[in-house]
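J.: Next input, structure requested:
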Amino acid sequence: MLLREEQYVVKWLSQYGCLPRTQVIRMLQKPKQTAEKIIRNLKKQFCIEDVGGGFYIGLDAMCQPDQRTIIALWVLLKFIDRVDPMAHYPAVYPSQVFFLKENVGYEIVVIYEGEENLLRLLQPENDLKYIIVLPVISMASQIKLPKAQCLFATVEFCGDEEPEVTFYSEGKINHV
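T.: A predicted model of the protein is given here:
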């Protein structure tokens, strides 16, 4: 029988596919040594495997990472201390991740250049907020927003294990 944290890891990998090892460690919200031990135990029990030489972790060695989901999860990790481990899961396309934070639903939508029209597919509901992740913030001026509260974010990989996530709201830049 798996421990609670081990069950979380298996659930996340079954939902999102393989994920960077660093993300799984951060999602566990445990000291790095403890999180590494959880991962080692799951490998010993043949529940998870290394993917891509150990950079990723997956339920099997053949799974392929979904970069949109990985980017969305980097954004989610900025709120992870206020999100229950079981209160986030894949969202309906074009969104990647849905999560509950303080009884408010959020969807993270990763948009690449040339895909601005995908936002028309969103089905806004009461009390649902969107975090729209763009490759560059200048794209925000080209986007027709849904009738819902929206926040913009960029995820910038600067050679570190974890990218820098910057949030933008109403013309103000907030570093989280």
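J.: In the chain, which residue is most central in space?
T.: Closest to where the C-alpha atoms of the chain average out (C-alpha atoms, centre = their mean) is residue 73, at 1.1 Å.
J.: Apart from its neighbours in sequence, what residue is nearest residue 96?
T.: residue 72 (3.7 Å; C-beta to C-beta, 6 or more residues apart in numbering). For the C-beta atoms, the positions are set from N, CA and C on the backbone; glycine is no exception.
J.: who touches the helix or strand hosting that neighbour?
T.: Taking DSSP states H and E as the criterion, residue 72 maps to helix 67-76. The contact list for helix 67-76 (C-beta atoms under 8 Å, 6 or more residues apart in numbering) reads 16-17, 19-20, 23, 27, 83, 88, 90, 96-97, 99, 108-110, 131, 133, 153, 155, 162-163, 165.
J.: which element is the nearest residue to residue 154 once chain neighbours are set aside on?
T.: Excluding the flanking residues, the one nearest residue 154 by C-beta to C-beta, 6+ apart is residue 166, at 5.1 Å. Per DSSP H and E: residue 166 is located in strand 164-169.
J.: burial of the residue nearest to residue 154, as a residue count?
T.: 16 (other C-beta atoms under 10 Å).
J.: Can you tell me how far it is from residue 66?
T.: Distance of residue 166 to residue 66, computed by C-beta to C-beta, to the nearest Å: 22 Å.
J.: which residues touch residue 113?
T.: Neighbour list for residue 113: 135-136, 139 [criterion: C-beta under 8 Å, 6+ apart].
J.: give me that answer again for 10 Å
T.: Applying C-beta atoms under 10 Å, 6 or more residues apart in numbering to residue 113 gives the contacts 134-136, 139, 142.
J.: rewinding a little: any figure for the gap between the residue nearest to the centre of the chain and residue 91?
T.: Residue 73 is 12 Å from residue 91, where distance means C-beta to C-beta.
J.: so what sits against both of those two?
T.: 97, 99, 108.
J.: So which helix or strand of this structure has the lowest pLDDT on average?
T.: Within the chain, no helix or strand scores below strand 172-175, which has a mean of 42 by mean pLDDT, DSSP states H and E.
J.: what number of residues lie near residue 52?
T.: Using other C-beta under 10 Å, residue 52 is surrounded by 15 other residues.
J.: what's the pLDDT at it?
T.: On the pLDDT scale, residue 52 is placed at 90.
J.: Check residue 127 too.
T.: Here, the pLDDT recorded for residue 127 equals 84.
J.: what about it, how many neighbours?
T.: 9.
J.: ok, now how distant is it from residue 80?
T.: 21 Å.
J.: same deal with residue 13?
T.: To residue 80, residue 13 is 16 Å away according to C-beta to C-beta.
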